[in-house]
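Colleague: Got a sequence here, can you build the structure:
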Amino acid sequence: MPLRHLILVLYIGCLLSIGVTNAAHLNLNDADMAYDKGEFMQAIDMYKPLAEQGNAAAQNNLGVMYDQGEGVIQNYQEALKWFRLSAIQGDVEAQNNLGVMYDQGRGITKDYQEALKWYRLSAAQGNATAQNNLGVMYAKSKGVVQDYQEALKWYRLSAAQENAEAQNNLGVMYDKGRGVISDYQEALKWYRLSATQGNATAQNNLGVKYDKGEGVTRSDREALRWFRLAARQGVAWAQHTLGVMYQSGSGVEQNYIRAHIWLSLSAESGYEDARVGLDTLTKLMAPQQIKEARKLARECRIQQLKKCD
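Modeller: Here you go, the predicted structure:
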């Protein structure tokens, strides 16, 4: 074969390769758009051929859909398969997702060492979620000797990327003095950053700070504000506290019906203090009040707590 012909063939081959790559990206974008619209069946049909061709992003996304049961029957084994294929190719999201599967024992025997392995690979690439997860492993001694300094290191890296979970976790470290000198001001800073992103745990923690006046001027109204936000996201502790505040009239006009609603929601989540409080409150209420509270609580559940109160 003449050299010029070989060069031409190679050049055409390159163009064909670029065309296939661009087509794959277009298909991936289309699949992502379908997923974002909630068109899960269509997204599955588009992700699957790309994943089978070795597209790492499609493999990870397909794994997510099997993990969550979106457009398919939930199947952790299938999720693991696609996460692993993608993670081996270095996909940062898949590495973290595979770590989660081992961490939580979803579809496989729980294995903290494997979880750590995949979290580290993802965290080393700068993935904020994996960095936070790695921090949790060190803070809670999961598969490693408890090391608050190491936990702080990973929380800070993740929090700097505005990861809400890491911001709250960093707040806890300063709040409780884990690996650092206890500093309520610093704790408040991180709780607030996380809470304003909608993190329910941070909202509850911020409510506690205002309720106790730790690092901030005590304020029932501010405490109520943050407890209410956390309660609407299903935090049982916040629901209980909100119920108590309505019962006592702390930061809000006393209202037994509202108190009953939040205490009952908290009790349903298994919060024992709420169950005891609900029994006590019920003895103070008229039958019609109890009936009204139960009706409103049912409506609240139907609205998924979003418009309660």
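Colleague: The helix or strand L85 falls within - what's its average pLDDT?
Modeller: Element membership for L85, per DSSP states H and E: helix 76-88. Across helix 76-88, pLDDT averages out at 98.
Colleague: Report the next helix or strand after that helix in sequence order.
Modeller: Note on helix 76-88: by DSSP H and E, the next helix or strand toward the C-terminus is helix 92-104.
Colleague: between that following helix and helix 76-88, how big is the angle?
Modeller: 130 degrees (axes from the mean of the first three to the mean of the last three C-alpha atoms, to 10 degrees).
Colleague: Now the element after helix 92-104, going C-ward?
Modeller: Downstream of helix 92-104, the next assigned helix or strand under DSSP H and E is helix 112-124.
Colleague: buried stuff in that following helix?
Modeller: For helix 112-124, the neighbour count (16 or more other C-beta atoms under 10 Å) marks 112, 114-123 as buried. Every residue, glycine included, has its C-beta placed from N, CA and C.
Colleague: Please identify the one among these that lies nearest to A187.
Modeller: Among the buried residues of helix 112-124, A123 lies closest to A187 (C-beta to C-beta), at 23.7 Å.
Colleague: so that closest one sits right up against Q131, yeah?
Modeller: Yes: judged on C-beta atoms under 8 Å, A123 makes contact with Q131 at a distance of 4.5 Å.
Colleague: what touches both of the two?
Modeller: 154, 157 (C-beta atoms under 8 Å, 6 or more residues apart in numbering).
Colleague: Make JSON lines from the buried residues of helix 112-124 and add pLDDT to it.
Modeller: Listed next are these as JSON lines, based on pLDDT from 0 to 100:
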{"residue": "Y112", "pLDDT": "98"}
{"residue": "E114", "pLDDT": "98"}
{"residue": "A115", "pLDDT": "98"}
{"residue": "L116", "pLDDT": "98"}
{"residue": "K117", "pLDDT": "98"}
{"residue": "W118", "pLDDT": "98"}
{"residue": "Y119", "pLDDT": "98"}
{"residue": "R120", "pLDDT": "98"}
{"residue": "L121", "pLDDT": "98"}
{"residue": "S122", "pLDDT": "98"}
{"residue": "A123", "pLDDT": "98"}
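Colleague: Now tell me what touches stretch 192-208 from outside.
Modeller: Under C-beta under 8 Å, 6+ apart, the answer for stretch 192-208 is 159, 162, 164-165, 167-168, 171-172, 175, 187-188, 190-191, 214, 222-227, 229-230, 233-235, 237-238, 241.
Colleague: Could you check how far the nearest residue in space to G177 that is not next to it in sequence is from Q104?
Modeller: Leaving aside its sequence neighbours, G177 sits nearest to D183 (C-beta to C-beta, 6 or more residues apart in numbering; 7.9 Å). Per C-beta to C-beta, to the nearest Å, D183 is found 32 Å from Q104.
Colleague: about what we covered before: if you count neighbours, what's buried in the helix holding L85?
Modeller: Residues of helix 76-88 classed as buried: 76, 78-87 (neighbour count, 16+ other C-beta under 10 Å).
Colleague: Then stretch 167-181?
Modeller: Buried, per 16+ other C-beta under 10 Å, within stretch 167-181: 167-175, 178-179.
Colleague: Kindly export it (C-alpha atoms) in PDB.
Modeller: Provided in PDB are the C-alpha atoms of stretch 167-181 (Å, rounded to 0.1, in the frame of the first residue of the first chain):
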ATOM      1  CA  GLN A 167     -20.200  22.000  55.900                       C
ATOM      2  CA  ASN A 168     -22.500  20.600  58.600                       C
ATOM      3  CA  ASN A 169     -20.000  17.900  59.600                       C
ATOM      4  CA  LEU A 170     -17.300  20.500  59.900                       C
ATOM      5  CA  GLY A 171     -19.700  22.500  62.100                       C
ATOM      6  CA  VAL A 172     -20.200  19.500  64.300                       C
ATOM      7  CA  MET A 173     -16.400  19.100  64.700                       C
ATOM      8  CA  TYR A 174     -16.100  22.700  66.000                       C
ATOM      9  CA  ASP A 175     -19.300  22.400  68.000                       C
ATOM     10  CA  LYS A 176     -18.200  19.300  69.900                       C
ATOM     11  CA  GLY A 177     -14.500  20.100  69.900                       C
ATOM     12  CA  ARG A 178     -13.500  17.000  67.900                       C
ATOM     13  CA  GLY A 179      -9.900  17.400  66.600                       C
ATOM     14  CA  VAL A 180     -10.100  21.100  67.300                       C
ATOM     15  CA  ILE A 181     -10.800  23.400  70.200                       C
END
